[in-house]
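Engineer: The following block contains a protein sequence and its predicted model.
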Amino acid sequence: MLQLPPYDAAIRVEQAIRPSLGRNDARIGRDMFRPETKTTKLGTTFSLLELIYHATVRNLRKNHGNALIGLLLNMFQTMLLVISFYIMFSVLGMRSSSVRGDFLLYIMTGIFLYMTHTKTLGAVFGSEGPTSAMMKHAPMTTAISIASAALSALYIQVLSMVTVLYIYHAAFKPIEIYDWVGAFAMVLLAWFTGLAVGVVLLAAKPWAPEVVSVIQQVYTRANMIASGKMFLANNLPHKMLILFNWNPLFHTIDQARGYTFINYNPHFSNWEYPLYVGLAILMIGLLGEFYTRQYASLSWGARR
């Protein structure tokens, strides 16, 4: 009859062989009792998409438990900005500088893209970092957290935009968009650039939280003017144009107005610039996030 060694002897054997296992000892110990399952690339992709979906729903529910009230609050912010700019343009006599066409639609093209850009940046900047408690769950990663935060911001902004446009079209004045596919593509481009800038700030946040938070607020406030939603690029003199031409959001808003109004043809902006700049910024942000994740520690956020 086979006799098992005493418990103390088994412990000594484990301690003797543990150094030889190296860094994979914990994984080996877990996998000993885990049934073998064959996963394909397609199955892994669907599992990842499922995780992103559930994380996106969690982000949508995080700010407000009632999805309808959350949508109404976002719509109220958008409509408040539209009304404020409409009153400001009317009081200051700046309506003549706008494009020929629906004046409120002219204002909304700038407000919608600005809100999409800044809301996405804020959502990504406030997403779960490498030291978050959510990262203790094995399937959860920072990439899923960033993707879910960006998608939740895009969902609520597109839903608010469509609702506001429908209310204005049905209750006040019928609207006509010259090329709605191109205009919506500019909304997605504004969302993408906001995602890219948010990833860069998220990667830098653990190193200097207060400084990066101030930079995020300054960037958001500066885009109130630097985004170009208050004026047309074709009407700016050259010395003023060079002050705004660096901003990808300035190009997307000007291009969106070119797709929205048949009477406006943007000459000093293009959609390729924000796309390439967004890709470059996103790559820098992903590299920074990877580097930060290697050295992130819970002690960084500790207070004495």
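Structural biologist: Happy to help now that I have it. Just so it is clear, the structure is predicted and the values come from calculations on it, not from any experiment.
Engineer: Longest helix in the protein, please.
Structural biologist: Longest helix in the chain by number of residues, with DSSP state H as the criterion: helix 142-171.
Engineer: Just the mean pLDDT for it, thanks.
Structural biologist: Helix 142-171 shows an average pLDDT of 87 in the prediction.
Engineer: tell me how far that helix is from the chain's mean position?
Structural biologist: Relative to the chain's own centre, helix 142-171 is displaced by 11 Å; criterion: C-alpha atoms, centre = their mean, to the nearest Å.
Engineer: looking at this structure, which helix or strand is least sure?
Structural biologist: Comparing helices and strands within the chain by mean pLDDT, DSSP states H and E singles out helix 25-31 as the least confident, with a mean of 45.
Engineer: what comes into contact with the helix or strand just after that one?
Structural biologist: The C-terminal neighbour of helix 25-31 among helices and strands, as given by DSSP states H and E, is helix 41-63. Under the criterion C-beta atoms under 8 Å, 6 or more residues apart in numbering, residues 39, 67, 70, 123, 127, 139-140, 144-145, 147-149, 151-152, 155-156 lie in contact with helix 41-63. C-beta coordinates here come from the backbone N, C-alpha and C atoms, glycine included.
Engineer: Stretch 211-222 too?
Structural biologist: T118, L121, G122, F125, V197, L201, A204, K205.
Engineer: what do you get for stretch 173-192?
Structural biologist: Contacts of stretch 173-192 (C-beta under 8 Å, 6+ apart): 102, 104-105, 109, 112-114, 116-117, 120, 150, 153-154, 157-158, 161, 165, 168-169, 248-249, 252-253, 255-256, 258-262, 271, 274-275, 278, 282.
Engineer: Just the buried residues of those.
Structural biologist: Listed as buried from the contacts of stretch 173-192 are 102, 104-105, 109, 112-114, 116-117, 120, 150, 153-154, 157-158, 161, 168, 248-249, 252-253, 255-256, 258-261, 271, 274-275, 278, 282; burial here means 16 or more other C-beta atoms under 10 Å.
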